[in-house]
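Engineer: Sequence first, predicted coordinates after that:
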Amino acid sequence: MVEKNKPAERGDTSSPAGSLLERPHRVESLESVVIRFAGDSGDGIQLTGTEFSKSIATGGYEIVTHPDYPAEIRAPLGTLYGVSAYQVKYSNNPVFTSGEALDVLVVMNPAALKMNIDDLKHGGTLVANTATFTPANLEKAGYESNPLKDGSLAIYRLIPIDISGLNATALKDSGLSRKDIGRCKNYFALGFVLYLHNRSLNQEIEKVRTRFAGKPEIAEANVTALLSGYAYGEVCEVFDTRYTVSDEVNLTPGTYNSITGNRAVAMALVTAAKQTGLKVFLGSYPITPATDILHNVVKLPNFNITAFQAEDEIAGVCSALGAAFGGSLAATTTSGPGMALKTEAIGLAAMTELPLVVIDVQRGGPSTGLPTKTEQSDLLQAVYGRNGECPVAVVAARSPIDCFHTTLEAFRIATKYMTPVIVLTDGGIANATEVGRIPRLDDLPPFEVKFRTDPNGYRIYERNENLARAWVRPGTPGLEHRIGGLEKDALSGDVSVDGANHDKMVRTRAAKIDGISKDFAPLVIEGSEEAKLLVVGWGGTYGSIAEAVRQSIADGHAVAHVHLRHLNPLPNDLGEIMERYETILVPEINLGQLSVLLRNKYLREISGFNRVEGKPLRVSELRNTIEGLA
Amino acid sequence: MVEKNKPAERGDTSSPAGSLLERPHRVESLESVVIRFAGDSGDGIQLTGTEFSKSIATGGYEIVTHPDYPAEIRAPLGTLYGVSAYQVKYSNNPVFTSGEALDVLVVMNPAALKMNIDDLKHGGTLVANTATFTPANLEKAGYESNPLKDGSLAIYRLIPIDISGLNATALKDSGLSRKDIGRCKNYFALGFVLYLHNRSLNQEIEKVRTRFAGKPEIAEANVTALLSGYAYGEVCEVFDTRYTVSDEVNLTPGTYNSITGNRAVAMALVTAAKQTGLKVFLGSYPITPATDILHNVVKLPNFNITAFQAEDEIAGVCSALGAAFGGSLAATTTSGPGMALKTEAIGLAAMTELPLVVIDVQRGGPSTGLPTKTEQSDLLQAVYGRNGECPVAVVAARSPIDCFHTTLEAFRIATKYMTPVIVLTDGGIANATEVGRIPRLDDLPPFEVKFRTDPNGYRIYERNENLARAWVRPGTPGLEHRIGGLEKDALSGDVSVDGANHDKMVRTRAAKIDGISKDFAPLVIEGSEEAKLLVVGWGGTYGSIAEAVRQSIADGHAVAHVHLRHLNPLPNDLGEIMERYETILVPEINLGQLSVLLRNKYLREISGFNRVEGKPLRVSELRNTIEGLA
Amino acid sequence: MQKIQINDLTRKDFETSQDVRWCPGCGDYSVLKQVQLVLPTLGIPKENFAFISGIGCSSRLPYYMDTYGMHSIHGRAPAIATGLKLSRPELSVWVVTGDGDALAIGGNHFIHTMRRNVDMNIILLNNRIYGLTKGQLSPTTQLGRQTKTSPVGSIDRPVEPISLALSMGVTFAARAVDIDQKNLRDILERAAAHKGTSLVEIYQNCHIFNDGTFEAVSNKKLRDDNRIMLEHGKPLVFGKNRDKGIRLNGMRPEVVSLADGKYTEADLLVHDEQTDCTVMAYFLSRMHNPDFPVPMGVFRAVAEDCYGQSVRSAEAIVEGKRGPGDWDTLIRGADSWVVE
Amino acid sequence: MQKIQINDLTRKDFETSQDVRWCPGCGDYSVLKQVQLVLPTLGIPKENFAFISGIGCSSRLPYYMDTYGMHSIHGRAPAIATGLKLSRPELSVWVVTGDGDALAIGGNHFIHTMRRNVDMNIILLNNRIYGLTKGQLSPTTQLGRQTKTSPVGSIDRPVEPISLALSMGVTFAARAVDIDQKNLRDILERAAAHKGTSLVEIYQNCHIFNDGTFEAVSNKKLRDDNRIMLEHGKPLVFGKNRDKGIRLNGMRPEVVSLADGKYTEADLLVHDEQTDCTVMAYFLSRMHNPDFPVPMGVFRAVAEDCYGQSVRSAEAIVEGKRGPGDWDTLIRGADSWVVE
Ligand SMILES: Cc1ncc(C[n+]2csc(CCOP(=O)(O)OP(=O)(O)O)c2C)c(N)n1
Ligand SMILES: Cc1ncc(C[n+]2csc(CCOP(=O)(O)OP(=O)(O)O)c2C)c(N)n1
Ligand code: SF4
Ligand code: SF4
Ligand SMILES: [Mg+2]
Ligand SMILES: [Mg+2]
């Protein structure tokens, strides 16, 4: 059985993957719907998608979303590369990915049709805004004839609607300008789609009124558009089915919300400040797809958290290190190229043994690569990418919600072991949303930090049972001391060029990091116990792998799945678990970086499933591979 | 048989390790001497050591030297941490390291005695400048009584000489100031030691006159000091043995010289310019122990080589990349922390597929670490330390002379495969000297570079049989094109966000780098064919390993040694070779970085011999390990 | 670079097949156009142009220029261009950068390039915001401005790029507004002609994230009272009716009216772009709205040895003394010995 | 920082057990001494001092100060200090750096620190050379100077750190000579008292690799004719006999004699360290030997909000509007829903 929601046992610094916004348990049922909205980036697609998912989620369904922006800020209207899309999968069963083949596709123009139609299931529903299928737009999209009329879409259930026109008609008395009326059309579309999915409008109407509280005419116009779209559904005779996903939901009672991975990281920073009573300091430099974390944090100065936009990545990490020296919980956020720039300073953090959390929201590389696409290719950089023998802890989040728990755990490790910790998330989970139950503070693993204040017999590199040195806050009388990047005497902390001392320090720093694994909760094996095939994953591919494994099992294949949060050190029980299986499959959005770590550590043959296409692994393809090996 | 001097077969881009300054063949003979000079860093120790080694080397002996400076620029006189030392081993047999236990130790003050005496063999010769054994100096060195007099040195053959006094007497009529006379004392010491080693003075005298050509009084005073030291040896009755190392040398005829690794790199840059006719561009930022390469190169603007001291390491590597784009042979030189800063730009070089040679003279890490000490701990950074899937070629030099060949090979690989190549040397071989035969230009592997000039059908990422794209020099009509860090279409080179294209490009870049190994010469296995133990080494530990293996074999143990120049990709024949041996031992001055690469690639259990003490591996200790495993 | 006769180059020759992908209304379009118009007039063969950029909306410009080009990494274009120019002095090297690219992450290369005076043309598209990453604070964002990373208004005092460049001794510095086509074109031509580093700061409107930040100097109705056009040798006069001027009061500048007869043009400061010291230009670079008009045009243009020339003359000194290097002698080294 | 009574601190309290490991004769010794003398006078508890440095001979200074300290990585001290100060406003934060550390690799952090005006004291030990790496060209090395990396003389035009800092709006900038103990001490005291970033450039003699580069201003016999001591509100007079002065001629400075009666002190420029614009100080920072005396003392000292204050007032605005943040509300988010 896939035990997606079973909280792991708690170790000292470990925490369950999936409890801020805890994931619900429910009864089995297989029905689910995958829907994608697509249109010009100016069409409000992201907003429509978000609103739709919220409305669905509040119905108690599980959802996973996948927003997909064009690389350009504002691509010219109607172009293929200017198409923006937003995909949602929902179900009353656990949902792990935003889905593959679409049940419903809503397109606002020909370019959106062209770019997305291939993903629609045969027999799937296609809603198209006919008003935009003008000769000029068709040409921009590369259509020679109008696909809505030339029969080429016959295999789909086509619902052509003059969304622009109907919306304009509905709002002709609103007193708004034509431009403003045009802007309401996404609410018309939303109303229609909500009808299609059998959702009521009440809540949505309330939300529109709150959102546009300052502008009542706009609010009312949008409400009218929503209602008109819904009404159009009711009267429309073009189609005959509404989607009805069983709503026998069985959620743990509580307050729920949806959250993106980037916001979850920001919430973790706030929570760390709350739990410890310490100031949190975020030193950062904007870079896609990590910037949203900073955007979230700058709005929260009243939560004992200082955000600093530095002049570059190096200053970002260095300012954080300065704050760590000062006794704050310090973090820096970035993505691949920024990570590359921070490595020298991370080395200094490792050498001075200061707690520092470095969050790398991975994107397509190398170099500038594919900045708006996801990838898992910074793992080896995180583990090995510094000069000298410079081990640091590396952890990875598996889902948007897990970004919260993983970041908090990173802070617990950093302060307990006095070490930098690298948190790997990725562009996929950073922007996707997941729904879960809101945790209360006491639900979370405890997090307390102690500074040394006793000057008696203080030695900078004296270590406790975890091999960690003491954290001393400047301002504490009698504990004045100097640290730095030069090698230091193993006890006194004075500069030392002694060879034996250096060897000792190098080994001690390595042993300290290795020792972190004693705190990890036992790994959770999902899937069949009697399997011969073990799928080992890490980070943001969790959804795809869990879904593929689940489908394979449902289809009668024996396969097990273990998903790693801890990449350095690796969990102590992993070797023993791997020994139980004949074949190890490691799916990654890279050319096999976890494979390198596993092969090196366990000397095991590993099968890789590697696709580096800037997007989540395709469940169907992965499933084929699994079933070939199981 | 240790086949140290057998040139390897030549592949296309490969070259024998050890032919600039080709290493001599000779008849067997075991005699060798290890001597160390030590004194205040102001005492001219480095000069004395260098002069002594030159004099020995011109006698046709093989030598290896090891200079050891204090970390401070000018440490206060007489302090322990201000001691500077220079060690030479010479023999008429192949010499691989600067030796361990000393036959002769020359100390210019009590601090030098204190810091070095433990390395002197029982019964070894100790020359001490008695004039400096004053109460004040003894105290600074931490001596409670005068060791020259208290009998504590009885196990050595002590030769106490009032070097300062005798030198002053000899020069009292020179007309020089007291300070200047004092400065001559190292020539007095040199004269004495040369007598001790049975060398004639003629050549040395000539050299002093050339060196001080502008200042004849100083020249003559130094000559007098030399002669007086020598004469003192002749008349001195304190000791009874002179060192006589058999000089039945059997060198390949030719011109010989000694060279440090850093200078050898500089000579490689000059040679690359000479061979290709292209301009060489070196963009660099000073950092110990790499700076000397830049010091050497700035003196050579008349060799078609432009050296640019940039504002930082990032500008250093970026300026080199700009020059590479412009069609020059471009290099950047650095050490660990600087390497960390260059990784983002190396990623750009990999993405734009431009040839770039990055020379990392490794030093003790992490962070600032032990800047004046050697280490091999940047290997994994070189192989894995960049964001994204970003493979580059990595090669390492095994000895000072090999720095020349390895750097030239790096340029050949870079231009043939259009890729960055990282050259790893280290603080040990960078500053040590090795003697060898001077090559002629036609002795070297050919090196030619072709630019594309034909505009017909040009596509930026069209590839040849080596998967390399064409190098196009700006200024060529009709070939105008744009490259950059964003992923590009596999053929046209236009920006592409297509997933399948990205996957293809990621794999193609990886395949290109993997393909380089087809050019490598077969690995040379030194030592016994029937051995069960294979020692696999890389880089600057060659000397220690070769010597330890040789000694073990001489002692009747069966052991083989293979030493890698190519770390990425690894040589094709390595796997098959490793299979022939039961046990693999990998000695490294790190915690096992080559081990990681080998375990990952070959899934073989590896024994590590790891000492991270800032200095070459100790032959005796390594030998014990070898003999325990063999 | 020698000026040669190339009659047949036109703007079209510098256009690429790539769709230009800036937002509709972005100021970058008009800069691209002017650059494409100026290049054919310079008498430089098309294949000798190289455009290097960093990362940002602005840094996309080289993709739209049919010349040699590199869209490099964030902030590093001047360093790349330096290596290119030093190794290939015959090329015409252009750097295209943004306020974030040049002045945030790239600040160090920016200042050292100014100091070295390598012969290249730097086009700094200053929109006072990070465009490509969607609207964060940049080093030139005005105090109090709300952005995605300064929700209650920026507290970072803005950089004045021209002051910064002057303090590092830049030999050519000028400023223009994106849509002021004539002035922009003149300045680009002068920058191209200048030997040494030329910095052209262009006030560029980011229609999406910082619309209107340059309104006062770009809006045809407002601009004459808010800007002053610098002209070498001419007094500092401005205003729709050319009725205002800048006078020096001690070491302080002062706006005076020429309308009321108290002051005449003779009392005003006279612009001198060629003084060897940077103080005059620096003084101008400190003038900002609303107290002063913003200067447009050339702040400084002086002839000094550029770095490349100095490199080459240092090379020549060595070569003059020692002759061209002889590989055999060098490789043999000073005290080699012969074994027979 | 509030000044509190701490009677018992002396220089000794700030000495560490470490052997000081600069070369004999190095100017760093005298700076260390003055710093150790000034600290006890500031009324700040010893445990509230933090010294952050980069890499270089100069950057070793924190090891010799018995305060909190970090010897960090090359060029990054100002960035580290910024994070420390922003998160711990009650600390007295000092940065110790060299000309290479601050102006070569650290240039970007240097300029942005000036711009932000974070409350810290930066001691820049300018010896115009890379000491620790044994004698290469630094950004302040004079033109034509031979170093290990400029064997035929430097061709890089030197940086004037004070000009650079001023162009970024530094609120306190001063200069002193290492061995001029009295002046150095006064300036360190004033720098410590200043709120915001204070930059103290110290001309420091590197006895080993660049001996005598400051001879003209440090040698007691020469210095009076080669330097000018800046005093707020006083005319710019200098010379052994105080018989020379600086006058403004248009926008150009000019040295005039007060001896021949043609000019009197009334004709001279009067130093004003407090003007809000940076032009006066900039002008002074461009004066160099041999044409002008080199100014010593305080170039600029103005009171402006420092970054930390602004951060805190921005925080206060938000807190004022919204009250202290409530974790539960925040974490619940705007449109949560309840499942029962
Ligand atoms: C090393 C690195 N850090 C950060 C980024 C993200 N990034 C791309 S462009 C940019 C700012 C661009 O601002 P500006 O130079 O003003 O250009 P504009 O888009 O406004 O023209 C940033 C922060 C990056 N690509 N690389
Ligand atoms: C990243 C990095 N690059 C280069 C170095 C080498 N390095 C150490 S100090 C220094 C220059 C120091 O010059 P300066 O700041 O003027 O200090 P000084 O020694 O003259 O006081 C350099 C280049 C380093 N330690 N780290
Ligand atoms: S975001 Fe701004 S700068 Fe970027 S293309 Fe759009 S309008 Fe232009
Ligand atoms: S090298 Fe120069 S700066 Fe460094 S300690 Fe010696 S004298 Fe001082
Ligand atoms: Mg911008
Ligand atoms: Mg210096």
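Structural biologist: Received it, and whenever you're ready, just let me know what you need. Ligands and ions are numbered 1, 2, ... in the order given.
Engineer: mind checking which helix or strand the residue in the stretch 151-300 of chain A positioned nearest to ligand 6 is in?
Structural biologist: Closest contact between the stretch 151-300 of chain A and ligand 6, by C-beta to the ion, is at A:G283 (27.4 Å). Where you see a C-beta, it was placed from the backbone N, CA and C, and this is true even at glycine. Taking DSSP states H and E as the criterion, A:G283 maps to strand A:280-284.
Engineer: If you count contacts, what does that strand end up packed against?
Structural biologist: Counting by 3 or more C-beta pairs under 8 Å, 6 or more residues apart in numbering or on different chains; DSSP states H and E, the packing neighbours recorded for strand A:280-284 are helix A:261-276, helix A:291-298, strand A:305-309, helix A:313-325, strand A:329-334, helix D:77-87.
Engineer: let's see it at 10 Å
Structural biologist: On a contact count with 3 or more C-beta pairs under 10 Å, 6 or more residues apart in numbering or on different chains; DSSP states H and E, strand A:280-284 meets helix A:261-276, helix A:291-298, strand A:305-309, helix A:313-325, strand A:329-334, strand A:356-362, helix D:77-87.
Engineer: Let me know the angle separating that strand from helix A:291-298.
Structural biologist: When axes from the mean of the first three to the mean of the last three C-alpha atoms, to 10 degrees is applied, the directions of strand A:280-284 and helix A:291-298 differ by 140 degrees.
Engineer: which stretch among the helices and strands packed on strand A:280-284 comes nearest ligand 3?
Structural biologist: When those are compared for distance to ligand 3 using C-beta to the nearest ligand atom, the nearest one is helix A:291-298, at 13.9 Å.
Engineer: can you redo the helices and strands packed on strand A:280-284 as JSON lines with mean neighbour count, distance to chain C and mean pLDDT?
Structural biologist: Formatted as JSON lines, the helices and strands packed on strand A:280-284 follow (neighbours: other C-beta atoms under 10 Å in any protein chain shown; distance: least, C-beta to the nearest C-beta, whole Å; pLDDT from 0 to 100):
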{"stretch": "helix A:261-276", "mean neighbour count": "26", "distance to chain C": "13", "mean pLDDT": "98"}
{"stretch": "helix A:291-298", "mean neighbour count": "25", "distance to chain C": "5", "mean pLDDT": "97"}
{"stretch": "strand A:305-309", "mean neighbour count": "26", "distance to chain C": "5", "mean pLDDT": "97"}
{"stretch": "helix A:313-325", "mean neighbour count": "32", "distance to chain C": "7", "mean pLDDT": "98"}
{"stretch": "strand A:329-334", "mean neighbour count": "32", "distance to chain C": "12", "mean pLDDT": "98"}
{"stretch": "strand A:356-362", "mean neighbour count": "30", "distance to chain C": "13", "mean pLDDT": "98"}
{"stretch": "helix D:77-87", "mean neighbour count": "31", "distance to chain C": "11", "mean pLDDT": "98"}
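Engineer: need those in JSON lines with distance to D:N210, can you?
Structural biologist: Converted to JSON lines, the helices and strands packed on strand A:280-284 look like this (distance: least, C-beta to C-beta, whole Å):
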{"stretch": "helix A:261-276", "distance to D:N210": "47"}
{"stretch": "helix A:291-298", "distance to D:N210": "43"}
{"stretch": "strand A:305-309", "distance to D:N210": "37"}
{"stretch": "helix A:313-325", "distance to D:N210": "28"}
{"stretch": "strand A:329-334", "distance to D:N210": "37"}
{"stretch": "strand A:356-362", "distance to D:N210": "37"}
{"stretch": "helix D:77-87", "distance to D:N210": "22"}
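Engineer: Out of the ones you listed, the one nearest A:L138 is which?
Structural biologist: Closest approach to A:L138 among the helices and strands packed on strand A:280-284 (C-beta to C-beta): helix A:291-298, 35.4 Å.
Engineer: So that closest one, near ligand 3 or not?
Structural biologist: No: judged by C-beta under 6 Å from any ligand atom, helix A:291-298 stays clear of ligand 3, getting no closer than 13.9 Å.
Engineer: Report the contact partners of A:I305.
Structural biologist: A:266, A:269-270, A:272-274, A:279-282, A:297-298, A:328-329, A:331, D:315, D:325 (C-beta atoms under 10 Å, 6 or more residues apart in numbering or on different chains).
Engineer: For the residue nearest to it when sequence neighbours are not counted, grab the count of nearby residues.
Structural biologist: Excluding the flanking residues, the one nearest A:I305 by C-beta to C-beta, 6 or more residues apart in numbering or on different chains is A:V280, at 4.2 Å. Using other C-beta atoms under 10 Å in any protein chain shown, A:V280 has 27 neighbouring residues.
Engineer: do the same with C:G308
Structural biologist: Residues near C:G308, counting by other C-beta under 10 Å, number 23.
Engineer: and if you look at C:P89?
Structural biologist: C:P89, neighbours per other C-beta under 10 Å, totals 17.
Engineer: Skipping adjacent residues, who's closest to it in space?
Structural biologist: Once flanking residues are discounted, C:P89 sits nearest to C:G308: 5.2 Å by C-beta to C-beta, 6+ apart.
Engineer: Can you name the residues that contact the residue nearest to the spatial centre of chain A?
Structural biologist: Computing the C-alpha centroid of chain A and ranking residues by C-alpha atoms, centre = their mean puts A:I429 first, at 1.9 Å. Taking C-beta under 10 Å, 6+ apart as the contact definition, A:I429 lies against A:64, A:66, A:260-262, A:264, A:289, A:361-362, A:374, A:396-403, A:539-543, A:616.
Engineer: Among the residues you listed, which ones lie close to chain D?
Structural biologist: Cross-checking these against chain D (C-beta under 10 Å from any C-beta of the partner chain) gives no overlapping residues.
Engineer: Show me what residue of the stretch 201-350 of chain A gets nearest to chain B.
Structural biologist: Nearest to chain B in the stretch 201-350 of chain A, going by C-beta to the nearest C-beta, is A:G336, at a distance of 3.2 Å.
Engineer: Any idea how many residues pack against the closest residue to that residue other than its chain neighbours?
Structural biologist: Ranked by C-beta to C-beta, 6+ apart and with sequence neighbours excluded, the top spatial neighbour of A:G336 is B:N387, at 3.2 Å. Per other C-beta under 10 Å, the neighbour tally for B:N387 reads 33.
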